[in-house]
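Engineer: Sequence first, predicted model second:
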Amino acid sequence: MSYLLKAMNRAAQEKADQKLDEQQEKINEVRDLVGGSVAAEMASFLSDGTIRRFLRARNWSTEQATKALRETVKWRRQYRPDTICWEDIAEREDEARRVYIADYCDRDGRIVFVSKPSIKSKTSGKEQMKQLVYNLEILANSSEGEQEESVVWLTDFRGWVLTTTPLSMARESIYIVQNHYPGLMALAILSNPPRIFESFWKIARHFIEARMKEKAKFVYTSSPESHRIVADMFDLDKLESAFGGRNTVAFDMDKYAARMKRGDQARGASNGSK
């Protein structure tokens, strides 16, 4: 019996290793297709982890992943997201309370990205997009070695009204996430959306890829079923009360700013490196 179990484990391991080898072949193929000069120009961006994310989001099609990467390379040359740092974010102390990377993970070890759109922004739409890109750049960098999607996006929709999120901004945000940071989002948890959100969602969902739409989950803190879903996913002692957790600790801006600055330095995006 033990021999049979060992044989089964060995076969499973060999299959997993073969899959990784096949994935690595595709990663190498995409890097070659993108071009040696581009690979040299953006060596840190065109890592195995980045190419894996693009392949994963494009069903492991080397042709589609290469096309998507080329478009993102053009965008990165112009936007330079890798140079954005904490000090570059306008009204950062206020904006970070609207959109931030949590200091805890879900039960599967995935990074938690939190947004609270009902908190009124003090910046322009352009600056809000800049902050989104800043956070996505950090999330991508933190997910470098992951084999699967590794980010859970939590959005608190309590108090949301139609004027909170202009459709144009929603469309641009969706485009950036899907096209320039694909393969990151494992789930998008939409918490307590009001009834009026239904009409907005009917329009916005047309901009969302089918695979991404499947990752959107609506939960309501007043629903026992939703509470079970959330409890299965998160440690409720760490999860914010807005999402049905028991954490009522106020957002510590000093600690968050220090964490962001350390992250900027680690990826070479601090002001001192410019």
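Structural biologist: Everything's here; your move.

Engineer: Every contact and neighbour count from this point should use C-alpha atoms.
Structural biologist: Fine.

Engineer: Was I right to think A102 contacts R110?
Structural biologist: No: counting by CA atoms under 8 Å, A102 stays clear of R110, with 10.7 Å between them.

Engineer: So between the two, which is more surrounded?
Structural biologist: R110 (20 against 15; other CA atoms under 10 Å).

Engineer: hang on, the more buried one packs against L154?
Structural biologist: No: R110 lies out of contact with L154 (CA under 8 Å); the separation is 12.0 Å.

Engineer: What score does K67 have for pLDDT?
Structural biologist: On the pLDDT scale, K67 is placed at 96.

Engineer: oh, I was asking about V34
Structural biologist: On the pLDDT scale, V34 gets 93.

Engineer: do E14 as well
Structural biologist: 50.

Engineer: Identify the residues contacting S241.
Structural biologist: S241 is in contact with N247, T248, counting by CA atoms under 8 Å, 6 or more residues apart in numbering.

Engineer: Ok, G159 next?
Structural biologist: S118, P194.

Engineer: Name the SS class of it, please.
Structural biologist: coil (DSSP: H, G, I helix; E, B strand; the rest coil).

Engineer: Could you report the distance from it to G245?
Structural biologist: Plainly put, G159 is 18 Å away from G245 if you go by CA to CA, to the nearest Å.

Engineer: same thing with L55?
Structural biologist: 35 Å.

Engineer: quick one, which of those two is more surrounded?
Structural biologist: L55 (25 against 18).

Engineer: and that one, how far is that from N247?
Structural biologist: Counting by CA to CA, the gap from L55 to N247 is 37 Å.

Engineer: Next SSE downstream of the lowest-mean-pLDDT helix or strand in the chain?
Structural biologist: Across the helices and strands of the chain, the lowest-confidence element by mean pLDDT, DSSP states H and E is helix 2-34, at a mean of 73. Sequence-wise, the next helix or strand downstream of helix 2-34 (DSSP states H and E) is helix 36-41.

Engineer: got a list of contacts for the helix or strand following that next one?
Structural biologist: Once helix 36-41 ends, the next helix or strand along the chain (criterion: DSSP H and E) is helix 48-57. Helix 48-57 has contacts (CA under 8 Å, 6+ apart) with 23, 27, 30-31, 61-62, 64-65, 68-69, 140, 143-147, 149, 181-184.

Engineer: Out of those, which end up buried?
Structural biologist: Among those, the ones that count as buried by 16 or more other CA atoms under 10 Å are 23, 27, 30-31, 62, 64-65, 68-69, 140, 143-144, 149, 181-184.
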